[in-house]
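In: Coordinates for the following, if possible.
(3 chains)
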Amino acid sequence: MSTASNTKSHLVEQLKEGLDAPICLTWELTYACNLECVHCLSSSGRRDPRELTTDEAKAVLDELHDLQVFYINIGGGEPMIRRDFFELLEYSIDRGIGVKFSTNGAFIDAAKAKRLAAMNYLDIQISLDGTDAVTNDAVRGEGSYDTAIQAMNHLRDAGFGEFKISVVVTRHNVDQLDDFKALADSFGAQLRITRLRPSGRGADSWHELHPTQAQQRQIYDWLVAHGDNVLTGDSFFHLNALGEEPLPGLNMCGAGRVVCLIDPIGDVYACPFVIHDEFKAGSVRDEGGFAQVWKHSDLFAELREPQSAGACASCGSYDACQGGCMAAKFFVGIPLDGPDPECVDGYGEAAMLEASADTTPRPMMDHSKPVRVTKPERVPVTIGRR
Amino acid sequence: MRRLLTSDQPRTVLDSRLALDPQVALRPEPFGALAYHYGNRKLIFLKHPDVVRVVQHLDGAHTLAETLTACDVDETRWPSFERALTALTESEMLHEHRIEHQVAPG
Amino acid sequence: MDDTPAATLDDAATTHVAEDTSDELLEDELLVEEISIDGMCGVY
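Out: Numbers count the residues shown, from 1 in each chain, chains lettered A, B, ... in the order given. Okay, here's the model as predicted:
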């Protein structure tokens, strides 16, 4: 091993022990959403009446400022639905916390685009899961492709500058990676591709939507060849065993160590992909607020202990893949010290066969709307009520 | 010996008078520090407390060589520090001051 | 042609660097590393 990777892995070992404050974190502002994407990690749709108030949200931002959190990723649901959205945006930026917000674009009209373009320290991420309406709308709903493109047009026309287009890679859009890059280039935008996890409503559709083994290889090869300016949220580190050179990023699970999630009602989870009691660390409404949860919760203390490689300990790939993603394992019923369901060596397949349907955890906090209308065009997914 | 300063480029980074960019937040950590640039969103891990000390000592007035000496960094390690501070400058975390341009703070 | 004491001292200093600190610092140590703010798993 070279000196470079020696010092990098030493740093990563320290980061696994956790920091006094997150480096950045995800904050879902609301469970309300105008869309009902098939794979929504937060099962969003309806607002939760227990949502944090504007004052409570500002108190959290004050805490994040004191902790010197540099950057927050705001999402939801659809965060722009909140009436105090701009108020909170401006409050955060004034407190010296940079913001990226993730949106489906429905609420970005010409006027909003202008307002956003005038703001500093702000990044915008538009969600898109297909380079044509058929592919995209099968997952995100009819009209959602047009909505996203329109938002991008408004941002471009308003001179916003470089925004991000964020794609969840599925079985049906893997062949569109070049097209996504071209689309991003045409807007002067930055492409981001991320991993589909079986979280939220994703638990129902994961088996039909997640990339095949062959497609995993395709994704890895594409990132190695074309991924220079492509972001990934470090979500593909489970594929590192496919090659010699690890993909850019920390290549470790950041949950509870360098990142976490604050949900719309103030609950703190290890990450946005594990909204489940098993991974709930506490609430910002508890005594001591967010800081207390981050620094002293039992869950985070546990995650910051050395993790057992378990079944993967003797595997030569473990150094590269680190056993993969906790959320992916959890929601398909694989033990956390077992292989990732998409283990590139195929061990995940066997592990899933052993998982029992009875004991596989179900997502919690379901804010899906009561009646879901889907148009399964290319996606043979049956979605029913939970 | 005082050198007459001209507007020529410094010959090496050791001659540069570097300062931390005002848009950078430096957050100390057990392993060293995190440096985050609010303007370009770059995040850099400073992986050893010594490099943190050196960065914190930069004042735009002294050269890097003078700063390294003042921070008791052994000369055999200077190449590593030159590489590190060059990388920080390329990421815009640090910028060079010219004596004839006194950059106003903030 | 002079075999100066300074040259010998420099060589000695070089060979001792590796044993210098418990952090295993080497002459070609990488003291800084850039990670994208997006380069941490577990965020949107």
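
In: Only C-alpha atoms from now on, for both contacts and neighbour counts.
Out: Noted.

In: Name the residues of chain C found near chain A, please.
Out: Contact residues, chain C versus chain A (Cα under 8 Å from any Cα of the partner chain): C:28-30, C:33, C:35-44.

In: Per-residue pLDDT of the most centrally placed residue in chain B, please?
Out: With distances taken as Cα atoms, centre = their mean, the residue of chain B nearest its centroid is residue B:18 (4.6 Å). For residue B:18, the pLDDT comes out at 97.

In: Ok, residue A:6 next?
Out: The model reports residue A:6 with a pLDDT of 60.

In: and what of the one 10 residues further on?
Out: Looking at residue A:16, its pLDDT reads 94.

In: Can you pull the phi and psi angles for it?
Out: Per-residue torsions, residue A:16: phi -70, psi -20 (degrees, to the nearest 10).

In: ok, back up a step: can you flag the buried ones in the residues of chain C next to chain A?
Out: Buried subset of the residues of chain C next to chain A (neighbour count, 16 or more other Cα atoms under 10 Å in any protein chain shown): C:29-30, C:33, C:36-44.

In: Take these and lay them out in JSON lines including pLDDT, secondary structure and distance to residue A:212.
Out: Shown next, in JSON lines, are those (pLDDT from 0 to 100; DSSP: H, G, I helix; E, B strand; the rest coil; distance: Cα to Cα, whole Å):
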{"residue": "C:29", "pLDDT": "72", "secondary structure": "coil", "distance to residue A:212": "40"}
{"residue": "C:30", "pLDDT": "88", "secondary structure": "coil", "distance to residue A:212": "38"}
{"residue": "C:33", "pLDDT": "94", "secondary structure": "strand", "distance to residue A:212": "34"}
{"residue": "C:36", "pLDDT": "93", "secondary structure": "strand", "distance to residue A:212": "28"}
{"residue": "C:37", "pLDDT": "94", "secondary structure": "coil", "distance to residue A:212": "29"}
{"residue": "C:38", "pLDDT": "95", "secondary structure": "coil", "distance to residue A:212": "25"}
{"residue": "C:39", "pLDDT": "94", "secondary structure": "coil", "distance to residue A:212": "24"}
{"residue": "C:40", "pLDDT": "95", "secondary structure": "coil", "distance to residue A:212": "24"}
{"residue": "C:41", "pLDDT": "96", "secondary structure": "strand", "distance to residue A:212": "21"}
{"residue": "C:42", "pLDDT": "94", "secondary structure": "coil", "distance to residue A:212": "22"}
{"residue": "C:43", "pLDDT": "93", "secondary structure": "coil", "distance to residue A:212": "24"}
{"residue": "C:44", "pLDDT": "86", "secondary structure": "coil", "distance to residue A:212": "23"}
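
In: Widest-spaced pair of these?
Out: Spanning the widest gap among these are C:29 and C:44, at 33.0 Å by Cα to Cα.

In: Quick check: phi and psi at residue A:264.
Out: Per-residue torsions, residue A:264: phi -60, psi -30 (degrees, to the nearest 10).

In: got the contact list for it?
Out: A:27-31, A:48, A:51-52, A:76 (Cα atoms under 8 Å, 6 or more residues apart in numbering or on different chains).

In: one step back: in TSV, list the buried ones among the residues of chain C next to chain A along with distance to chain B.
Out: Formatted as TSV, those follow (distance: Cα to the nearest Cα, whole Å):
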residue	distance to chain B
C:29	6
C:30	7
C:33	5
C:36	6
C:37	6
C:38	9
C:39	9
C:40	11
C:41	15
C:42	17
C:43	15
C:44	16
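
In: on that earlier part again, nearest to residue A:248, of the contacts of residue A:264?
Out: Sorting these by distance to residue A:248 puts residue A:27 at the head of the list, at 24.0 Å, by Cα to Cα.

In: Which helix or which strand is home to that closest one?
Out: Taking DSSP states H and E as the criterion, residue A:27 maps to strand A:24-28.

In: returning to that earlier point: now the two most distant members of the contacts of residue A:264.
Out: Among those, the pair separated by the greatest distance (Cα to Cα) is A:27 and A:48, at 14.9 Å.

In: who has more neighbours, these two?
Out: Remark: of residue A:27 and residue A:48, residue A:27 carries more neighbours, 24 against 16, as counted by other Cα atoms under 10 Å in any protein chain shown.

In: Mind pulling the model confidence for the more buried one?
Out: With respect to pLDDT, residue A:27 has a value of 98.

In: Could you list the low-pLDDT ranges of the stretch 251-386 of chain A?
Out: Along the stretch 251-386 of chain A, the parts satisfying pLDDT under 70 run over A:372-386.

In: What ranges does the stretch 251-386 of chain A have for its helices?
Out: Using DSSP state H, counting those that start in this stretch, the helices of the stretch 251-386 of chain A run over A:289-296, A:298-303, A:318-321, A:326-330, A:347-354.

In: okay, those, which one's buried deepest?
Out: helix A:326-330 (a mean of 24; mean count of other Cα atoms under 10 Å in any protein chain shown).

In: Can you show me the helices along chain B?
Out: Assigned by DSSP state H, chain B shows helices spanning B:49-57, B:64-70, B:78-90.

In: Any chance of those helices in CSV with mean pLDDT and mean neighbour count as columns?
Out: Shown next, in CSV, are the helices of chain B (pLDDT from 0 to 100; neighbours: other Cα atoms under 10 Å in any protein chain shown):
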stretch, mean pLDDT, mean neighbour count
helix B:49-57, 97, 18
helix B:64-70, 97, 19
helix B:78-90, 96, 19
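
In: Can I get the ones you listed in CSV including distance to residue A:268?
Out: Formatted as CSV, the helices of chain B follow (distance: least, Cα to Cα, whole Å):
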stretch, distance to residue A:268
helix B:49-57, 32
helix B:64-70, 43
helix B:78-90, 34
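
In: now those in a markdown table, with distance to chain C?
Out: Shown next, in a markdown table, are the helices of chain B (distance: least, Cα to the nearest Cα, whole Å):
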| stretch | distance to chain C |
| --- | --- |
| helix B:49-57 | 7 |
| helix B:64-70 | 14 |
| helix B:78-90 | 6 |
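
In: Dig out what the residue of chain B found nearest chain C forms beta bridges with.
Out: Of chain B, the residue with the smallest distance to chain C, taken as Cα to the nearest Cα, is residue B:44 at 4.2 Å. Beta bridges link residue B:44 to residue B:35, residue C:34, judged by DSSP bridges.

In: quick one, what contacts the residue of chain C found nearest chain A?
Out: Ranked by Cα to the nearest Cα, the top residue of chain C for proximity to chain A is residue C:39, at 4.4 Å. The neighbours of residue C:39, taking Cα under 8 Å, 6+ apart as the test, are A:231-234, A:248-250.

In: What's the local residue count around residue A:311?
Out: The tally of other residues near residue A:311 (other Cα under 10 Å) stands at 14.

In: Distance check, it against chain B.
Out: Distance, residue A:311 to chain B, using Cα to the nearest Cα, to the nearest Å: 31 Å.

In: likewise residue A:194?
Out: Distance of residue A:194 to chain B, computed by Cα to the nearest Cα: 19 Å.

In: Also residue A:331?
Out: Between residue A:331 and chain B the computed distance is 32 Å (Cα to the nearest Cα).

In: Hmm, that residue is touching residue A:362, no?
Out: Yes. Judged on Cα atoms under 8 Å, residue A:331 makes contact with residue A:362 at a distance of 6.9 Å.

In: Look at those two and report which has more neighbours.
Out: Legend: neighbour count by other Cα under 10 Å for residue A:331 and residue A:362, higher for residue A:331 (24 against 20).

In: In contact with the more buried one, which residues are there?
Out: Residue A:331 is in contact with A:198-199, A:203, A:360-363, counting by Cα under 8 Å, 6+ apart.

In: again, 6 Å this time
Out: Contact analysis of residue A:331 by Cα atoms under 6 Å, 6 or more residues apart in numbering or on different chains lists A:198, A:361.

In: What parts of chain A come near chain C?
Out: Residues of chain A found near chain C (Cα under 6 Å from any Cα of the partner chain) are A:26, A:233-235, A:249, A:253-255, A:271.
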